[in-house]
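Q: Predicted model and sequence below, questions to follow.
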Amino acid sequence: MKRKNPPHVHEYTNRHGKVVFYYRRPSQKKVRLKIDEGVLPWSPTFMEAYELAKGAGAPIELGAGRTIPGTVNASIVSYYHSSAFRDGLAKSTQYSRRAILERFRGDHGDKRVALMHSTALQNIFNSKSPAAQRNWMKALRGWVDHCLSLKMIRKDPLAEVKLTKLKTRGHHPWESAECEQFEKHHAVGTRARLAYELLLQAGQSRCDVVRMGRQHIRKGVMTMGRQKTGEPFNVEITPRLQAAMDAMPASNPLTFMVTAQGNSFTAAGFGNWFRDMCREAKLPKTACDRREGEGRVRRR
């Protein structure tokens, strides 16, 4: 029967035929146990060496082997490990900003972060669309602030970057006629009608609507925390919203809104699906458009 070694101890036979032991936990460096040949696991001598190896196995920072101190690459890895990124941003925000930072890191990771200047960043921003420029500014802002706080850079290179003016008419509030048209096409008892009532009555973004469920309702009031900020909000369950809920068959008890397969929606998937429901109702294009970050139905 094979002997069981102490936790995180790995046993090898080297090229000289000698049995050696190493201690290694995930994300930590490997440490060889300093013992004489023939000392067996669990013996007092072995366990003394084991305890010493445990103390020597310092954690390895994720990505440390691929980064050079002082580079853009290393500073971004440092930012990912900061509390400002890990604890200060919602998971969805971390995901979107990491995507941009990884693109920036892929193009400029080997450059010295201390030499980063506004002219270089301005040229990068000039190659983006006005909307993309704003997303990049948000992503780089947190990273640059992190670099400033640790004195990696002395001057804010984003301070002089100018963004192209964004031409937009804003979000289109639905006219009463458009609401009536949607209600006529999607009757009570359909998923589209429940989504419409949740958006209209709750007045919250799509990332919050897809998390709403009966477990959040107490005494006619829905109480939740916003997904991005954690701020609490209360929604009164109106008769219209209650009727739309009651007309739906039993489904996933954790969320009102589910896909055709009975799974919970993602925020982006819900936005795309609701846009299709608006098109089915033959609403004007302005009412069907789904802009980034927007998932509300607002009645004029």
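A: Thanks, I have the structure now. Numbering: from 1, shown residues only.

Q: got the buried residues for stretch 19-29?
A: Counting neighbours by 16 or more other Cβ atoms under 10 Å, one finds that the buried residues in stretch 19-29 are 21, 23. The way it works is simple: take the backbone N, C-alpha and C, and place the C-beta from them, glycine included.

Q: Over to that stretch now: how far is its first residue from its last?
A: Using Cα to Cα, to the nearest Å, the gap from the first to the last residue of stretch 19-29 comes to 20 Å.

Q: start the count at 30, not 1, going forward
A: Shifting the count to begin at 30 puts that one at stretch 48-58.

Q: can you give me the mean pLDDT across it?
A: Taken as a whole, stretch 48-58 carries a mean pLDDT of 81.

Q: again, but for stretch 213-231
A: Here stretch 213-231 scores 90 as its mean pLDDT.

Q: For the protein, give me the ranges with low pLDDT.
A: Applying pLDDT under 70 to the chain flags residues 30-31, 56, 84-96, 197-200, 280-282, 315-316, 318-329.

Q: What ranges does it have for its helices?
A: Across the chain, reading from the start of the chain, the helices by DSSP state H fall at 73-85, 101-109, 112-115, 120-137, 147-155, 159-178, 205-214, 220-231, 235-238, 268-275, 296-309, 314-317.

Q: same for the fifth one, what does it pack against?
A: Translated: helix 147-155. Here helix 147-155 touches helix 159-178, going by 3 or more Cβ pairs under 8 Å, 6 or more residues apart in numbering; DSSP states H and E.

Q: how about the helix it packs on as PDB, C-alpha atoms only?
A: What follows is helix 159-178, C-alpha atoms only, in PDB (Å, rounded to 0.1, in the frame of the first residue of the first chain):
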ATOM      1  CA  PRO A 159     -15.500  58.600 -29.200                       C
ATOM      2  CA  ALA A 160     -17.400  56.000 -27.200                       C
ATOM      3  CA  ALA A 161     -14.400  53.700 -27.000                       C
ATOM      4  CA  GLN A 162     -12.300  56.600 -25.800                       C
ATOM      5  CA  ARG A 163     -14.500  57.000 -22.800                       C
ATOM      6  CA  ASN A 164     -14.300  53.300 -21.900                       C
ATOM      7  CA  TRP A 165     -10.500  53.400 -22.200                       C
ATOM      8  CA  MET A 166     -10.300  56.600 -20.000                       C
ATOM      9  CA  LYS A 167     -12.300  54.800 -17.300                       C
ATOM     10  CA  ALA A 168     -10.100  51.700 -17.400                       C
ATOM     11  CA  LEU A 169      -6.800  53.600 -17.500                       C
ATOM     12  CA  ARG A 170      -7.800  56.100 -14.900                       C
ATOM     13  CA  GLY A 171      -7.800  53.500 -12.100                       C
ATOM     14  CA  TRP A 172      -4.500  52.100 -13.200                       C
ATOM     15  CA  VAL A 173      -2.800  55.500 -13.500                       C
ATOM     16  CA  ASP A 174      -4.100  56.500 -10.000                       C
ATOM     17  CA  HIS A 175      -2.500  53.300  -8.700                       C
ATOM     18  CA  CYS A 176       0.800  54.200 -10.300                       C
ATOM     19  CA  LEU A 177       0.700  57.700  -8.900                       C
ATOM     20  CA  SER A 178      -0.100  56.400  -5.400                       C
END
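
Q: ok, residues contacting it?
A: 104-105, 107-108, 111, 113-114, 117-118, 125-126, 129-130, 133, 142, 150, 153-154, 157, 182, 185-187, 190, 192-196, 321 (Cβ atoms under 8 Å, 6 or more residues apart in numbering).

Q: circling back to that earlier point, between the helices of the chain, which one is nearest to Gly67?
A: Smallest distance to Gly67 across these (Cβ to Cβ): 10.0 Å, for helix 73-85.

Q: hmm, what's the outermost residue in this structure?
A: Most distant residue from the mean C-alpha position of the chain: Gly67, 51.0 Å away (Cα atoms, centre = their mean).

Q: phi, psi of that residue?
A: Comment: the main-chain dihedrals of Gly67 come out as phi 100, psi -10, following degrees, to the nearest 10.

Q: Mind listing what's buried along stretch 268-283?
A: For stretch 268-283, the neighbour count (16+ other Cβ under 10 Å) marks 270, 273-274, 277 as buried.

Q: chain center to that stretch, what's the gap?
A: Distance of stretch 268-283 from the chain centroid (Cα atoms, centre = their mean, to the nearest Å) equals 29 Å.

Q: Please apply the same query to stretch 41-48.
A: Stretch 41-48 has its C-alpha centroid displaced from the chain centroid by 46 Å (Cα atoms, centre = their mean).

Q: now stretch 228-236
A: Centroid separation for stretch 228-236 versus its chain: 20 Å, with Cα atoms, centre = their mean.

Q: From Val239, how far out is the nearest residue to Ser158 once chain neighbours are set aside?
A: Setting aside the residues directly before and after it, Ser158 is nearest to Thr193 in space (Cβ to Cβ, 6 or more residues apart in numbering), at 8.0 Å. Counting by Cβ to Cβ, to the nearest Å, the gap between Thr193 and Val239 amounts to 32 Å.
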